[in-house]
Structure formats: structure tokens, C-alpha cells
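S.K.: Return a 3D structure for these sequence lines:
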Amino acid sequence: MRLILATAMIALACTPGAARDSTPPAMTEAEAAATKQAAERGMLMYAYDQAAWHGIDDLRAKTDIAKLGTGGWIVDGPVQAPQLVFFDKDAAAPHALYVADFRDGRLVASHLTVPGPDTGRNR
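M.R.: Modelled structure (predicted):
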């Protein structure tokens with residue numbers, strides 16, 4: 001009898017999803033808004049991460065970053081057109097050392113703002 005019961009339980013657990021009620025519960029308006037906000041934030045984080053990654057590669061190709069004396073970097077702007085800026089160590093009034101502009105996930109322009117091998121706006 002235990003074997004039959006165990007077999008029935010296993011068969012029930014292995015029933016294809018279509019045979020079970022798999023309808024997700026409806027989201028409330030607040031849950032839908034929170035989900036939308038989380039998705040938008042995730043897309044922004046991804047765009048900023050990609051800008052930082054590809055921008056640092058471009059900056060390394062242009063100059064020796066260690067000699068540049070960067071104090072940090074920031075990415076800002078909308079998902080479709082973020083801008084990456086590396087700045088100096090002047091905490092009171094930081095100045096841009098390198099600026100990279102992106103459009104739809106691609107680096108479209110970058111330049112060093114200090115004398116170096118590439119001070120032009122076009123890559």
C-alpha cells in the first residue's frame with residue numbers, strides 16, 4: 001500500500017505544468033509599478049556598466065591611466081545616451097580628464113581633456 005501511495009505522489013509531482021493550474025496571480029497596481037521601476041533601473045545599471053567597461057578600454061588605448069592621475073569616474077545620462085567622465089583628484093573642484101559619449105550601447109565619441117596622444121573629440 002505504501003508503494004502505491006508513493007508512486008501516486010511521484011506521478012502527481014511529475015504531471016506536466018499544463019495539467020496543473022499555472023495561472024500566475026494578478027499583480028496589483030503597486031506591484032506592477034514597482035516591477036516597471038525595477039526593470040527601468042536594471043536597464044540603466046546595465047547601460048552604465050557597459051559605458052564604464054567600454055570607456056575604460058578606450059581610455060587605456062589612449063593613455064597610461066596610472067600617469068593620468070584619476071580621482072574617480074562617473075556615468076550619467078539616459079539609458080540610450082550615457083556619458084562617462086573620469087575626473088582628477090581635486091576634491092574641491094574636480095575637472096574632467098576623459099569624456100566618452102555613448103549612443104544605443106556604442107561608443108560614439110571620446111576625448112582626453114588633458115594633453116596627450118588623443119585630445120580630439122572623435123575616437
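
S.K.: Could I get the contacting residues of the closest residue to residue 89 other than its chain neighbours?
M.R.: Leaving aside its chain neighbours, residue 89 sits nearest to residue 71 (3.7 Å; criterion: C-beta to C-beta, 6 or more residues apart in numbering). Every residue, glycine included, has its C-beta placed from N, CA and C. Counting by C-beta atoms under 8 Å, 6 or more residues apart in numbering, residue 71 makes contact with 87-91, 94.

S.K.: do the same with residue 40
M.R.: residue 79.

S.K.: would you say it is within a strand?
M.R.: No: under DSSP: H, G, I helix; E, B strand; the rest coil, residue 40 sits outside any strand and is assigned helix.

S.K.: Pull up the per-residue confidence for it.
M.R.: Looking at residue 40, its pLDDT is 96.

S.K.: all strands of the protein, in order?
M.R.: Counting by DSSP state E, one finds strands in the chain at the ranges 72-76, 83-87, 96-103, 106-112.

S.K.: for the record, mean pLDDT for the last one?
M.R.: Strand 106-112 comes out with an average pLDDT of 97.

S.K.: Direction included, what does that strand pair against?
M.R.: strand 96-103 (antiparallel) (DSSP bridges).

S.K.: where in this protein is pLDDT low?
M.R.: Confidence mapping of the chain against pLDDT under 70 gives the ranges 1-21, 115-123.

S.K.: 50 instead?
M.R.: 118-123 (pLDDT under 50).

S.K.: Out of the contacts of residue 71, which end up buried?
M.R.: 87-88 (16 or more other C-beta atoms under 10 Å).
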